[in-house]
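J.: Predicted model, plus sequence, below.
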Amino acid sequence: MKRLFDVIFSLIGLCILLPFFLIFALLILFSSKGGIFYLQKRVGKGGFEFKLYKFRTMKPNADQLGLLTVGGRDPRITQIGYYLRKYKLDELPQLINVLIGDMSLVGPRPEVKKYTDLYTDEQKKVLMVKPGITDYASLLYFEENDLLAKSSDPEDTYIQKIMPAKLKLNQLYIQNMGFWSDMNIIFKTIKRIFLK
């Protein structure tokens, strides 16, 4: 049922958003050097890695300077990238990941291997389900970049405080996952983006 829901709504979403995808693609191409998409390896269900799609919002090779984005005005972020990130529009290509089965619309956000390698055995239970575009943690930490910008050691703050808190929310989702729970999270995510 969940997979059918994901396929139908990712297809509908991609069809509706296609004109906007073309506009974003042109803005990205004309505003900075590099490709349209940014593909990053993330850890999915069962601990298997997959390539996650995003619109490119940073300068080429920016991830070599660190995996965390600190603040909305991180100097690595392009001018158009700032707005794509601000309204979470850079995440929309992940509908492709949903369609091909790497992800679900709702589920724990996928992490890079660097961080999943730090999970405890209990935390690794979040890898038993398919990762998603949005979840409870995405809602609570909508302004995560700004929180990290206030820290003297963003990496340590993420690993010691934010990541464990997000994983607890992920575990809560897994315990209560279902159609209506997913619909509630999707509705709250759309509302949060528009309130932004």
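T.: Nice, I can see it.

J.: tell me the mean pLDDT for stretch 47-57?
T.: The average pLDDT within stretch 47-57 is 96.

J.: And the contacts of that stretch?
T.: With contact meaning Cβ atoms under 8 Å, 6 or more residues apart in numbering, stretch 47-57 is reached by 24-25, 28, 34-44, 77-78, 80-82, 84-85, 89-94, 96-97, 102-103, 110, 113, 116, 124, 127. Every C-beta, even on glycine, is put in place using the N, C-alpha and C of the backbone.

J.: Buried among the residues you listed? Make that a ChimeraX selection.
T.: Applying 16 or more other Cβ atoms under 10 Å to the contacts of stretch 47-57, the buried members can be selected in ChimeraX as follows:
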select :24,25,28,34,36,37,38,42,43,44,77,78,80,81,84,85,89,90,91,92,93,94,96,97,102,103,110,116,127
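
J.: Just the ones of the contacts of stretch 47-57 in helices?
T.: 24-25, 28, 80-82, 84-85, 94, 96-97, 113, 116 (DSSP state H).

J.: now, which of those sits nearest Ile162?
T.: Closest to Ile162 out of the ones in helices among the contacts of stretch 47-57 is Thr116 (14.6 Å), distances taken as Cβ to Cβ.

J.: In terms of distance to Pro154, which of the ones in helices among the contacts of stretch 47-57 ranks first?
T.: Nearest member of the ones in helices among the contacts of stretch 47-57 to Pro154, counting by Cβ to Cβ, is Arg85, at 16.0 Å.

J.: My understanding was that that closest one contacts Ile77; is that so?
T.: Yes: using Cβ atoms under 8 Å, Arg85 is in contact with Ile77, at 6.7 Å.

J.: So which elements touch the least confident helix or strand in the chain by mean pLDDT?
T.: Averaged element by element with mean pLDDT, DSSP states H and E, the chain has its least confident helix or strand at helix 144-149 (a mean of 81). Packed against helix 144-149, as judged by 3 or more Cβ pairs under 8 Å, 6 or more residues apart in numbering; DSSP states H and E, are the following elements: helix 154-157.
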